[in-house]
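Peer 1: Structure for this input, please:
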Amino acid sequence: RGINTHQHSNEAAFDHARGAGFSFLRADIFWHQLERGGQYDFAIYDRFAELMAARGLGVLYVLAYGHPDHPNLDGDDPEALTHFNAYA
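Peer 2: Modelled structure (predicted):
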């Protein structure tokens, strides 16, 4: 069983989820928050992964929600897809 979260540092909530019998959390990874000028910073998700592992919880990451620097993902723009592939 899984549960969705948008909180990446609420340890008490993670403990409650584990205590309620959940075995994984679903978490969105917001592309526009991670990439700046072609550079990626996943630090917030690194810590989240550590917190989940410490509790024996798995994570289902959702890679989505676009990036204003890379529009046209809904079309056949090879450049946009190349940027999404780099993010993924």
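Peer 1: tell me the contacts of the most centrally placed residue in the chain?
Peer 2: Residue closest to the average C-alpha location in the chain (Cα atoms, centre = their mean): I29, at 2.5 Å. Applying Cβ atoms under 8 Å, 6 or more residues apart in numbering to I29 gives the contacts 45, 61-64. For every residue, glycine as well, the C-beta is placed using N, CA and C.
Peer 1: Point out the ones among these that are inside strands.
Peer 2: Of the contacts of I29, the ones assigned to strands by DSSP state E are 61-64.
Peer 1: Report the lowest-confidence entry in these.
Peer 2: When these are compared by pLDDT, A64 scores lowest at 78.
Peer 1: As a check, name the ranges of all helices in this structure.
Peer 2: For the chain, the helices defined by DSSP state H occupy 11-19, 31-34, 43-54, 78-87.
Peer 1: where among the ones you listed is the average confidence lowest?
Peer 2: Among the helices of the chain, helix 78-87 carries the lowest mean pLDDT, a mean of 88.
Peer 1: Next, count neighbours for F22.
Peer 2: Using other Cβ atoms under 10 Å, F22 has 17 neighbouring residues.
Peer 1: Please verify my assumption that it contacts A13.
Peer 2: No. F22 is beyond contact range of A13, at 10.7 Å (criterion: Cβ atoms under 8 Å).
Peer 1: re earlier: what is the nearest of the ones in strands among the contacts of I29 to H83?
Peer 2: Distance to H83, by Cβ to Cβ, is smallest for L63 among the ones in strands among the contacts of I29, at 12.3 Å.
Peer 1: tell me which residues form a beta bridge with the closest one?
Peer 2: In this entry, L63 is beta-bridged to I29, by DSSP bridges.
Peer 1: so what's it up against?
Peer 2: Each residue near L63 by Cβ under 8 Å, 6+ apart is listed here: 29, 31, 87-88.
Peer 1: Identify, from those, the entry nearest to P71.
Peer 2: Among those, W31 lies closest to P71 (Cβ to Cβ), at 12.0 Å.
Peer 1: The closest one: what's it in contact with?
Peer 2: By Cβ under 8 Å, 6+ apart, the contact list for W31 reads 63-67, 84, 87.
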